[in-house]
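In: Show me how the following folds:
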Amino acid sequence: MAAPSRAVSKLDWSKVGTQLGLRGSTASALANFKKRNDDARRRVQVLSEQPTTVDFSHYRSVLKNTAVIDEIEQYFKTFQPKTYDVSKQIKAIESFEQVAIKNAEETKSKVEVELKSLEKALADIEGARPWDQTTVDELAKAEPEIDEYTAKLVKNGKWMPPGYLERFPNLSVL
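Out: Numbers count the residues shown, from 1 in each chain. Coordinates of the predicted model:
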C-alpha cells in the first residue's frame, strides 16, 4: 500500500485533465474521483489522529453494570479484523486500466487525424477566393460534374434545373 500512496502524492491533479485533453463527462468524472480521493484522505487523517485505545476502567467507574463492560472488553481483546485478498480486484482494475489506456490512445490518434483534416479544410476555406470573384470556368474545372449535368439538361431542352422556379420565382414585371 505504500507504493500507491507515494504515487498518488506525486500526482499533480491540476495538470492531469489538461495534459490528457479531457473534456465533458470524462473531465467531470476525473474531478469527482479527485474529490472522493481528497475526502477519503481527510477521513483517514482524522481517524489516524484519534486515540485507538479504550479505557475500560473509565467505563467501569461510570457504569453500574460492569458485567457488560467485561463482556465488551473480552470481545475487544479477542477481536481480529478480517483480511481480504484484494489481488483479484486489483488485477481486474489493472487490466481495465490497460484497456482504457489503449482505447484512449486509439481515440487520441483518431482525433489527431480528424483535427489535421479539419485544419486543412479550414485553411482551404480561409484561402479560398470569394464567390463573387470566381468564374464559371473555374467552377467547372473544380467540379466537372456541374458541367456534365448542365450539358445533359441543355441536350434535353431544359434550361432550368428542376425545382428552380419553385424556389426562385420569376419576379419580373412585363
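
In: Please count neighbours and contacts with C-alpha atoms only from this point.
Out: Fine.

In: pLDDT of the helix or strand encompassing residue 88, averaged?
Out: Here residue 88 sits within helix 87-127, counting by DSSP states H and E. Helix 87-127 shows a mean pLDDT of 91.

In: same question, stretch 69-79
Out: Mean predicted confidence for stretch 69-79 is 89.

In: In contact with the residue nearest the centre of the chain, which residues?
Out: Against the mean C-alpha coordinate of the chain, by C-alpha atoms, centre = their mean, the closest residue is residue 26 at 2.1 Å. Contacts for residue 26 (C-alpha atoms under 8 Å, 6 or more residues apart in numbering) come out as none.

In: On the C-terminal side of the helix or strand where it lies, identify the next helix or strand.
Out: Assigned by DSSP H and E, residue 26 belongs to helix 24-49. Downstream of helix 24-49, the first helix or strand assigned by DSSP H and E is helix 56-62.

In: Return the list of helices and strands in contact with that next one.
Out: Helix 56-62 is packed against helix 66-78, with contacts defined by 3 or more C-alpha pairs under 8 Å, 6 or more residues apart in numbering; DSSP states H and E.

In: How far off centre is the helix it packs on?
Out: Going by C-alpha atoms, centre = their mean, to the nearest Å, the spacing between the C-alpha centre of helix 66-78 and its chain's C-alpha centre is 52 Å.

In: Stretch 73-87 too?
Out: The mean C-alpha position of stretch 73-87 is separated from the chain mean by 40 Å, C-alpha atoms, centre = their mean.

In: got the buried residues for it?
Out: Within stretch 73-87, no residue counts as buried by 16 or more other C-alpha atoms under 10 Å.

In: how long is that stretch end to end?
Out: 34 Å (C-alpha to C-alpha, to the nearest Å).

In: Residue 83 in helix, strand or coil?
Out: Following DSSP: H, G, I helix; E, B strand; the rest coil, we place residue 83 in the coil state.

In: Tell me how far it lies from residue 122.
Out: Counting by C-alpha to C-alpha, the gap from residue 83 to residue 122 is 60 Å.

In: Ok, residue 51 next?
Out: 65 Å.

In: and the chain, what are its domains?
Out: If you go by the TED database, the domain ranges for the chain are 83-128, 129-160.

In: Let me have the ones you listed in a markdown table, extended by distance to residue 173.
Out: Listed next are the domains of the chain as a markdown table, based on distance: least, C-alpha to C-alpha, whole Å:
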| stretch | distance to residue 173 |
| --- | --- |
| domain 83-128 | 37 |
| domain 129-160 | 20 |
